[in-house]
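*Asks:* Fold the stuff below for me.
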Amino acid sequence: MQSVLLRSLRSVREKLLSDGSRRSKERPDEEEEEEEEGRALLDHLPVDMQFLIMTYLPPEDLCRLGGCSRFWRSMVQEPLLWRFFFMRDVNSWTSVDRLSMPKEEFLSAAAPDAPELQKLDFMAEYLRCSPACRCRYQQPRPALEAVAFFLQNLVSGSEPRFAMFGPGLEQLDDSLMTTMMHSPHILPVAGIPQRQIGGIGSGISFLYNNQHKFNIITLYSTYSSERERARLEQQSVRSKLFVLQGETESGPVYSVAPQVQEACQAVNGFIFVSNAQTDKGRIEEAGQVRAVLQPVWGPASRPLLVLSCVSRDGVERTPSVTVAHQLQLHLLANPWMVQDVVSESLAGLLDGIGWLLKQSGLRL
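*Replies:* Okay, here's the model as predicted:
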């Protein structure tokens with residue numbers, strides 16, 4: 001792929017330099033000298049060196065480079081260049097959401113010289129999907145939806161509540177919830193409310209940025225002894241949170257178990273913790289996510305935050321874009337986001353929590 005890209009860049013460069021040489025011959029000597037003095041030395045570097053320089057630039061600086069001259073505008077806008085960047089970087093992006101999920105045709109591994117690639121704007125797709133550029137393209141929350149969330153929080157008279165569940169809570173060597181409870185420098189614990197929701201505990205309240213209070217109700221799949229045995233044996237456990245109703249072409253169909261139905265109705269959103277250290281597919285997990293987001297339990301405006309967790313830094317992880325695809329999140333009507341998180345250090349957690357609170361109507 002890189003050889004095809006370099007060949008294309010050489011073709012662009014030769015055409016531009018040839019056009020520039022022809023134009024210079026049509027001008028007086030003084031104008032030609034001024035043109036030569038103003039031309040950047042970068043223009044005359046070998047294409048391999050120019051390409052190497054561009055690979056070190058973040059996308060926003062690469063776009064600025066394209067604004068320097070006609071030469072660099074043409075080089076930077078080369079479609080194969082942005083396909084190279086897209087395929088190189090997409091698996092290293094630490095988050096993806098409903099608005100920035102790459103389209104399927106861009107993720108397909110077609111040959112770099114395939115005719116259909118000429119119709120795909122990889123530059124626009126990269127700038128739309130890349131976390132570094134996403135804030136520039138983020139659409140504002142619909143006014144009516146934001147007002148509805150504000151009134152909902154006002155009526156509840158308490159901090160927003162979120163139900164957290166998923167295999168990443170139970171299968172990793174480092175417990176995400178335990179680390180959260182013992183990291184006051186990241187998320188101070190604000191208390192344990194004295195209430196129950198349908199027999200389920202009140203959860204734990206935290207402070208985001210030391211001022212925004214929110215509550216997390218943790219829903220475990222089964223008893224602690226069963227979870228620990230399954231973790232040590234690296235086996236999955238049958239979740240008591242869901243009831244299997246049948247199978248379809250897209251996977252198993254679950255319903256929410258009676259003991260957690262009231263909790264699903266009472267919360268403002270959901271946090272699903274996925275184990276990013278495994279890549280065995282997430283068909284069952286996708287069915288369970290769909291179960292809690294059924295309209296019978298609440299409006300489709302409630303957000304879903306997926307924490308794609310590994311135990312510690314340096315552990316190989318499934319890319320966030322792959323996790324989103326495996327969970328079939330693009331089929332959901334709810335706002336959603338997948339955020340890479342490290343359980344040991346909580347790296348990435350605040351980014352996900354900040355998004356979740358904003359989606360729940362809080363001004364941060």
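
*Asks:* So what sits opposite the residue lying closest to Met164 once chain neighbours are set aside in the bridge?
*Replies:* Closest residue in space to Met164, ignoring its immediate chain neighbours: Ile271 at 4.0 Å, by CB to CB, 6 or more residues apart in numbering. In this view, the C-beta of every residue, glycine as well, is placed from N, C-alpha and C. Under the criterion DSSP bridges, Ile271 forms beta bridges with Met164, Leu305.

*Asks:* what about Ile271, neighbour count?
*Replies:* 25 (other CB atoms under 10 Å).

*Asks:* Thought Cys309 was touching it, still the case?
*Replies:* No - in this structure, Ile271 is not within contact of Cys309 by CB atoms under 8 Å, at 10.9 Å.

*Asks:* any weak-confidence spans in this structure?
*Replies:* Residues of the chain that meet the criterion pLDDT under 70 lie in 1, 16-40, 109-118, 135-157, 194-202, 230, 233, 235.

*Asks:* Now with 50, please.
*Replies:* Screening the chain residue by residue with the criterion pLDDT under 50, one finds the ranges 30-38, 155-156.

*Asks:* can you give me the strands in it?
*Replies:* Residue ranges of the strands in the chain, as given by DSSP state E, are 95-97, 161-165, 189-191, 204-208, 212-218, 242-248, 251-256, 269-275, 304-310, 336-342.

*Asks:* could you dump those strands to JSON lines with distance to His330?
*Replies:* What follows is those, written out as JSON lines (distance: least, CB to CB, whole Å):
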{"stretch": "strand 95-97", "distance to His330": "10"}
{"stretch": "strand 161-165", "distance to His330": "21"}
{"stretch": "strand 189-191", "distance to His330": "35"}
{"stretch": "strand 204-208", "distance to His330": "28"}
{"stretch": "strand 212-218", "distance to His330": "26"}
{"stretch": "strand 242-248", "distance to His330": "17"}
{"stretch": "strand 251-256", "distance to His330": "15"}
{"stretch": "strand 269-275", "distance to His330": "15"}
{"stretch": "strand 304-310", "distance to His330": "12"}
{"stretch": "strand 336-342", "distance to His330": "9"}
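
*Asks:* what's in contact with stretch 214-230?
*Replies:* Residues external to stretch 214-230 that are found in contact with it (CB atoms under 8 Å, 6 or more residues apart in numbering): 158-165, 167, 169-171, 177, 193, 197, 200-206, 208, 235-241, 260, 263, 267, 271, 353, 357, 360.

*Asks:* can you do 7 Å?
*Replies:* 159-165, 169-170, 177, 193, 200, 203-206, 208, 236-237, 239-241, 260, 263, 267, 271, 357 (CB atoms under 7 Å, 6 or more residues apart in numbering).

*Asks:* Stretch 81-95 now?
*Replies:* Contacts of stretch 81-95 with the rest of the structure, by CB under 7 Å, 6+ apart, involve 1-2, 5, 102, 106, 112, 117, 122-123, 125-126, 130-131, 319-321, 337-340, 348, 351.

*Asks:* in it, what counts as buried?
*Replies:* By neighbour count, with 16 or more other CB atoms under 10 Å as the criterion, the buried positions of stretch 81-95 are 81-87, 90, 93-95.

*Asks:* how distant is that stretch from the center of its chain?
*Replies:* In terms of CA atoms, centre = their mean, to the nearest Å, the gap separating the centre of stretch 81-95 from the centre of its chain is 13 Å.

*Asks:* what's the span of that stretch, first residue to last?
*Replies:* End-to-end distance for stretch 81-95, by CA to CA, to the nearest Å: 23 Å.

*Asks:* cool, and stretch 95-103?
*Replies:* For stretch 95-103, the end-to-end distance is 15 Å (CA to CA).
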